[in-house]
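K.L.:
Next one to model:
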Amino acid sequence: MNKTNKELERIVKGFANHRRLQVLELLYKEPELSVQEISGKLKSEFKNISAHINKMAIAGLVMKRSAGNLVRHKLTNRGKSILKFVRIME
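P.N.:
From the prediction side, this is the model:
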């Protein structure tokens with residue numbers, strides 16, 4: 001099924017930020033991290049990382065999973081594909 005241009009725009013916006021690219025890289029290396037763990041490893045504010053992850057989840061790049069009080073995050077297949085795509089452009 002072909003994506004509409006609007007859907008493609010949402011996906012691109014999901015990774016069109018240096019911090020979101022850092023989150024993609026981190027979750028590729030270390031899946032199942034919480035927002036707090038991600039913000040600590042990237043030395044960025046919790047609120048900022050949380051907002052970035054929400055945009056990434058809307059774009060279908062990140063999957064959320066509840067684990068007790070925490071929400072764990074990992075890349076979706078789309079997120080892994082986007083990371084490969086970005087690395088090709090380097």
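
K.L.:
ok, Met89 - how many residues close by?
P.N.:
A count of nearby residues for Met89, using other CB atoms under 10 Å, gives 5. Backbone N, C-alpha and C define where each C-beta goes, glycine included.

K.L.:
err, Lys3, not the other one
P.N.:
For Lys3, the count of nearby residues is 10 (other CB under 10 Å).

K.L.:
With Asn69 instead?
P.N.:
Asn69 has 6 nearby residues by other CB under 10 Å.

K.L.:
And for Leu8?
P.N.:
Neighbourhood size, Leu8 [other CB under 10 Å]: 11.

K.L.:
Give me the residues contacting stretch 48-68.
P.N.:
Defining contact as CB atoms under 8 Å, 6 or more residues apart in numbering, one finds that stretch 48-68 is touched by 10-11, 13-15, 17, 19-20, 23-24, 27, 32, 35, 38-39, 42, 71-76, 78-79, 82.

K.L.:
Quickly find the element holding Leu21.
P.N.:
helix 18-29 (DSSP states H and E).

K.L.:
Remind me what that helix packs against, helices and strands.
P.N.:
Other helices and strands packing on helix 18-29, by 3 or more CB pairs under 8 Å, 6 or more residues apart in numbering; DSSP states H and E, are helix 35-42, helix 46-58, strand 70-75, helix 77-89.

K.L.:
Quick one: residues in contact with the third one.
P.N.:
Translated: strand 70-75. For strand 70-75, the surrounding residues in contact (CB under 8 Å, 6+ apart) are 24, 27-28, 31-36, 38, 53, 61-66, 83.

K.L.:
I'm done for today, thanks for sticking with me.
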